[in-house]
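Engineer: Take a look and give me a structure for this.
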Amino acid sequence: MNIQNEFTVSSPIEEVWDAMLDLERVTPGLQGAALTEEVGDEYKGTMSIKLGPVSAKYNGTVKYSETDEANRKAVIQADGKDARGQGTASATITSTLHDEGGGSTRVVVETEMKLTGKVAQFGRGVQKDVAAKIMGNFADCLENNVFQEEIA
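Structural biologist: Numbers count the residues shown, from 1 in each chain. Next comes the predicted model:
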């Protein structure tokens with residue numbers, strides 16, 4: 001399933017790029033996500049989600065599979081297994097930054113997600129709604145927490 005999200009933050013593209021390349025800094029903005037250990041060029045972590053009446057907690061890894069500074073494009077690969085052994089989740093998340101002028105940056109996020117197990121039984125609409133909520137919270141966190149810390 002392919003999900004596209006877009007948001008704008010009131011920070012210059014250079015600051016947004018630096019933040020997007022720091023998984024430890026941006027992960028707290030992803031509701032339900034936590035990094036637990038850095039191993040080489042990847043992190044181990046957890047992600048908890050709720051789709052309708054079903055919740056799942058995934059243990060897995062996340063890493064950058066591509067970073068293209070010239071085009072302000074970063075690709076993150078995340079893979080996890082349900083902690084209760086009831087499915088898997090994987091996502092390839094491509095974020096591209098666009099300078100909007102005036103110190104604002106538009107962030108376009110394209111996520112290719114694959115789910116198996118109980119959560120996969122829910123329709124695309126429910127999965128998209130959850131993803132949109134997570135990305136909305138992520139955008140708010142970037143705007144209100146990550147970039148405000150740089151100004152202070």
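Engineer: where along the protein do the helices fall?
Structural biologist: Here the chain has its helices, by DSSP state H, at 13-20, 23-26, 124-141, 147-151.
Engineer: Ok, which of these comes nearest residue 69?
Structural biologist: Each of the helices of the chain has some distance to residue 69 by C-beta to C-beta; the shortest is helix 13-20, at 7.2 Å. (Glycine included, C-beta is placed from N, CA and C.)
Engineer: Only the buried residues of that closest one, if you could.
Structural biologist: Of all the residues in helix 13-20, those buried under the rule 16 or more other C-beta atoms under 10 Å are 13, 15, 16, 17, 19, 20.
Engineer: Out of these, flag the one nearest to residue 141.
Structural biologist: residue 19 (10.4 Å).
Engineer: Looks like that closest one contacts residue 25 (just checking).
Structural biologist: Yes - in terms of C-beta atoms under 8 Å, residue 19 counts as a neighbour of residue 25; the distance is 5.7 Å.
Engineer: quick one on the thing from earlier: turn the buried residues of helix 13-20 into a markdown table, columns for pLDDT and distance to residue 100.
Structural biologist: Compiled in a markdown table, those are given as follows (pLDDT from 0 to 100; distance: C-beta to C-beta, whole Å):
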| residue | pLDDT | distance to residue 100 |
| --- | --- | --- |
| 13 | 94 | 8 |
| 15 | 90 | 13 |
| 16 | 90 | 11 |
| 17 | 93 | 14 |
| 19 | 88 | 16 |
| 20 | 88 | 15 |
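Engineer: just to revisit the earlier point, packed most tightly, which of the helices of the chain would that be?
Structural biologist: Highest mean neighbour count among the helices of the chain (mean count of other C-beta atoms under 10 Å): helix 13-20, with a mean of 18.
Engineer: ok, residue 33 to residue 81 distance?
Structural biologist: Residue 33 sits 15 Å away from residue 81, going by C-beta to C-beta, to the nearest Å.
Engineer: now swap in residue 62 and tell me
Structural biologist: 13 Å.
Engineer: Neighbour count: the two, which is higher?
Structural biologist: residue 62 (21 against 16; other C-beta atoms under 10 Å).
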